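Chemist: here's my sequence, what's the structure:
(4 chains)
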4 protein chains.
Amino acid sequence: MALTETEKDWRFRLHEIIYESNTRAGKAFDVGLLIAIFTSIIVVMLDSVESLHHRYGSLFNYLEWAYSILFTIEYILRLMSIKRPISYVISPLGIIDLVALIPSYLSILFVGAQSLLVFRALRLLRVFRIFKLSRFLTEIDFLTIAIKGSLRKISIFLLTVLALTVILGSIMYLVEKRENGFTNIPESIYWAIVTITTVGYGDISPVTPMGKLLASVVMLIGYAIIAVPTGILTHDLAMAAKQRKELPESCPNCGREGHDGDATFCKFCGSALL
Amino acid sequence: MALTETEKDWRFRLHEIIYESNTRAGKAFDVGLLIAIFTSIIVVMLDSVESLHHRYGSLFNYLEWAYSILFTIEYILRLMSIKRPISYVISPLGIIDLVALIPSYLSILFVGAQSLLVFRALRLLRVFRIFKLSRFLTEIDFLTIAIKGSLRKISIFLLTVLALTVILGSIMYLVEKRENGFTNIPESIYWAIVTITTVGYGDISPVTPMGKLLASVVMLIGYAIIAVPTGILTHDLAMAAKQRKELPESCPNCGREGHDGDATFCKFCGSALL
Amino acid sequence: MALTETEKDWRFRLHEIIYESNTRAGKAFDVGLLIAIFTSIIVVMLDSVESLHHRYGSLFNYLEWAYSILFTIEYILRLMSIKRPISYVISPLGIIDLVALIPSYLSILFVGAQSLLVFRALRLLRVFRIFKLSRFLTEIDFLTIAIKGSLRKISIFLLTVLALTVILGSIMYLVEKRENGFTNIPESIYWAIVTITTVGYGDISPVTPMGKLLASVVMLIGYAIIAVPTGILTHDLAMAAKQRKELPESCPNCGREGHDGDATFCKFCGSALL
Amino acid sequence: MALTETEKDWRFRLHEIIYESNTRAGKAFDVGLLIAIFTSIIVVMLDSVESLHHRYGSLFNYLEWAYSILFTIEYILRLMSIKRPISYVISPLGIIDLVALIPSYLSILFVGAQSLLVFRALRLLRVFRIFKLSRFLTEIDFLTIAIKGSLRKISIFLLTVLALTVILGSIMYLVEKRENGFTNIPESIYWAIVTITTVGYGDISPVTPMGKLLASVVMLIGYAIIAVPTGILTHDLAMAAKQRKELPESCPNCGREGHDGDATFCKFCGSALL
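Modeler: Residues are numbered from 1 along each chain as shown, chains lettered A, B, ... in the order given. This next block holds a predicted model:
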């Protein structure tokens, strides 16, 4: 069935409002949505406070349902205003949107499912869509590229740290015995992670002199190796900055510099850039 | 009414002493003021210690009033020695100065307002005025520029960390139950912040194996992402340093390099720099 | 005794599977071994949990022995498939492999030696062999070079930190007395390490005002000097990157740049690079 | 009185052994001294452990006196082998050496002065004298220059952090009341330092929701501003490295590069460098 002109227009306009944010209506929609998400999370938060739940429980319940219906309508509109709805459903944002909806309806069937409403917090990540279209675009893109490049190296670093904590935690389990809080190896590994990351809750801490000596070694290791991810990222930021700048640095014809990273022609004389 | 010569002179000299610190008297005034602010804070601090309050309470009270009167006189002099007093009143330093004065007079009306005297600590930031006029000028200015440039990016980073803590804290609330200290979602988010920043008070800490596993993930995230603000600032410092140096890099006439950042003419041939 | 062709082939193929991982079989062997090591550690971990030990103790015992026999066979195969087995035995990986085997057999003679099975975790470091042969090769090598270069400087840094903690811990022992948890100097040094690395368990913490003042100094020192290892590593990464890049920078014949770090001939004109 | 040749030789040789470490005897003396300092500190440490003091108290006492006499002899020899002893006495190392000696003799007059023996730990810093003469010389010098350059900027940073903790601690004192551990303003400032440096003992921690909110802000500030000293030092290391390299970069005659930082003449053609 072919769409009439009006239908086309209507769908196009809806798409522009919901998916884009370079129009006034689109930006208003995005900001409004973020406020709705933010306030709905506040309601879930406040509802989790026992004293407030006793007093305003039914009000919170009404509000949660109001938000649920609002977000359901938004989800349906999103499906309607796009050509291939399935591409939205299976996109990361689409999955988050769905995951944030389900708990509301689950709570009819199961008691306690309401707590899962906190998954709405994931939708807060939408805030970056607004940033994306502001003038910070290049800066954030640049950061994202550097962080992505570092991610692999930092993952290897975290893996090494994890292997270290397994070994150090296990040794600690042998040194400090069960009666000192190191009740089993997983617990000791948990202690090693708490210590090497310099968090240091103090819920488990060494008691014997030997244990304290080993713990000191773990702490100093953790204190020194924090340099590794920082060094990697700083280095990758510098590399990314260099690459961005090196590409079309000067025009081969007029020699003038200062072209944008994505420029193909010289903005001064119009000849093709490298 | 026109000012007589003497009046003009008198006001000009007062302005020089109070607002500038490049004269001997101006510097002495600034240093004296800082000492007064510092000692007045010490008095407020000591007065908050119960045992000292019982013994020297009335002495502290006299001193606090003496400081209050001193600072009031200083505030009036500041208003008098400037052409448009309103511009000082609404300036950041002016607001701080006023906020630091009000509690003294509020304490006549309300019991307990005296504790607000600690806002005087904000006046300590005046210490940077002295630095400003010393030879550290360029260094601090340079740092300030880089930090300002990073501020926006670091804010986005902090926002992401906050979103992360909302999500992780909420999940933790579902994993660990009320009986383990995670009494409600805001409390759990507080725990997530304590953990991801590697502070780790230990007032709330996971008890269940599942909770400890999740906590380990939070800690490792916090340990790894500390690299981000550091990387950003280090990179921006390098950029700022480069920009400072690049401006008048080579003389357009003789081509020689090595000019100071504030040079306007070439120090080798005297022709105007870019 | 000369080896027959078949024997030679058989040994060569075994060597290829066990020591190399650029063939399909070699990679499968490496991955399989890692899974075996990983699951065997999980078994040791679970066995250390008292409640699980009571229920599945004998199953865990069987599994541990199965893994021990498996790893013994692997060790024997490693010895057989190499020309000079002694070079493997005294290599770091060989020592780790042996250390990981011994506890199994020790546990027949001594009760409790089983806990030493956790040393198998050391074998997890084999995971880097797989990375080594993937395309991350240069990146990790590059990182390793920079970290090795920094290691000496960071060791000096850690030595200074240790000297600092000895001095600060000792002073703290004099300031806070035995009754406040600082029972002796080694204990106080342990506290200083916990504090300067910003771990902060809180198992020992200052009680007197003077002690809290000193502790504040220690904390601020620890907070500020974390910059040193990070600065060193970041700097060394930049140096290593520069060196890598500087080598065959431009072709001596055509002068064009952008050659890979491992290039021997110019990719534009074919003349030999420096 | 003129010195005879033998006396001159004897004094010269003693000076060489005690103050220099480029001869075999000089190095042996330095290493021996470090071992003596190190073991003497171990004795003081062990003596502070109550159970060991009860058993080996008199042995430790003998050892401490033996070390004291040894170090006194060393101090006298140092005074004798130098032309102007006063220049050694007022040098930093000389003051440390004297401060490390005094407690031994004080303990005759005052009970408890023995604990001050721990000041000997300060002498451990002598370890750097040995490093100095090894091939790490340039590296450490380079590091020291960069750290010294950063010191001023990092001091300003620490000053700002301190001002922040005074303000934040004071506000926290108003928010959380005495009954929650924030008994007075100095105590609250101590808490703010514990929190902003991410140490987090947990001996004092916020109880009210408002206090936890404020604490979260303090933690996030501390987590973000750690970037500042790191960024400064990394930047200064890069600057120092650049300066070292820039000086005699290329020969003005033959143009070849790669001269050492301390070169005065070109190592290729012998003409004077800039």
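
Chemist: which residue, other than its chain neighbours, is closest to whatever residue of the stretch 101-250 of chain A ends up closest to chain D?
Modeler: The minimum distance from the stretch 101-250 of chain A to chain D, using Cβ to the nearest Cβ, falls at A:Gly202 (5.8 Å). Glycine gets a C-beta too; all of them are placed from N, C-alpha and C. If you skip the residues right next to it in sequence, A:Gly202 has C:Tyr201 as its closest partner in space, 3.7 Å away by Cβ to Cβ, 6 or more residues apart in numbering or on different chains.

Chemist: so the one you found, which state does it fall into?
Modeler: coil (DSSP: H, G, I helix; E, B strand; the rest coil).

Chemist: thought it was touching A:Tyr201?
Modeler: Yes: in terms of Cβ atoms under 8 Å, C:Tyr201 counts as a neighbour of A:Tyr201; the distance is 7.4 Å.

Chemist: how much space between A:Met172 and A:Leu213?
Modeler: 11 Å (Cβ to Cβ, to the nearest Å).

Chemist: those two: who's more crowded?
Modeler: Just comparing A:Met172 and A:Leu213: by other Cβ atoms under 10 Å in any protein chain shown the higher neighbour count belongs to A:Met172, 26 against 15.

Chemist: what number of residues lie near the closest residue to the more buried one other than its chain neighbours?
Modeler: Spatially, and ignoring its direct neighbours in sequence, A:Met172 is nearest to A:Ser188 (4.9 Å; Cβ to Cβ, 6+ apart). Using other Cβ under 10 Å, A:Ser188 has 27 other residues around it.

Chemist: which element, helix or strand, includes A:Ser188?
Modeler: In this assignment (DSSP states H and E), A:Ser188 forms part of helix A:185-196.

Chemist: and the residue of chain A nearest chain C?
Modeler: Checked against chain C (Cβ to the nearest Cβ), the nearest residue in chain A is A:Ser170, 3.3 Å away.

Chemist: in a helix, that residue, correct?
Modeler: Yes: going by three-state DSSP, the assignment for A:Ser170 places it inside a helix.

Chemist: what distance do you get for it to C:Val99?
Modeler: If you measure A:Ser170 against C:Val99 using Cβ to Cβ, the figure is 13 Å.

Chemist: same question, A:Ala215
Modeler: Relative to C:Val99, A:Ala215 is positioned 23 Å away (Cβ to Cβ).

Chemist: A:Val49 too?
Modeler: Between A:Val49 and C:Val99 the distance, using Cβ to Cβ, works out to 53 Å.

Chemist: which one of these two has more residues nearby?
Modeler: With other Cβ under 10 Å as the criterion, A:Val49 and C:Val99 differ in neighbour count, and A:Val49 comes out ahead with 17 against 14.

Chemist: quick one: contacts for the closest residue to the more buried one other than its chain neighbours?
Modeler: Using Cβ to Cβ, 6+ apart and skipping the chain neighbours, the partner closest in space to A:Val49 is B:Asn184 (4.3 Å). The contact partners of B:Asn184, taken as Cβ atoms under 8 Å, 6 or more residues apart in numbering or on different chains, are A:Met45, A:Ser48, A:Val49, A:Glu50, B:Tyr173, B:Arg178.

Chemist: my guess is the fourth one meets B:Glu187, correct?
Modeler: This means A:Glu50. No: A:Glu50 is beyond contact range of B:Glu187, at 10.7 Å (criterion: Cβ under 8 Å).

Chemist: the more surrounded of those two?
Modeler: Regarding A:Glu50 and B:Glu187, a neighbour count based on other Cβ under 10 Å identifies B:Glu187 as having more, with 21 against 12.

Chemist: show me chain A divided up by domain.
Modeler: Using automatic domain parsing, the domains assigned to chain A come out as A:5-138, A:142-243.
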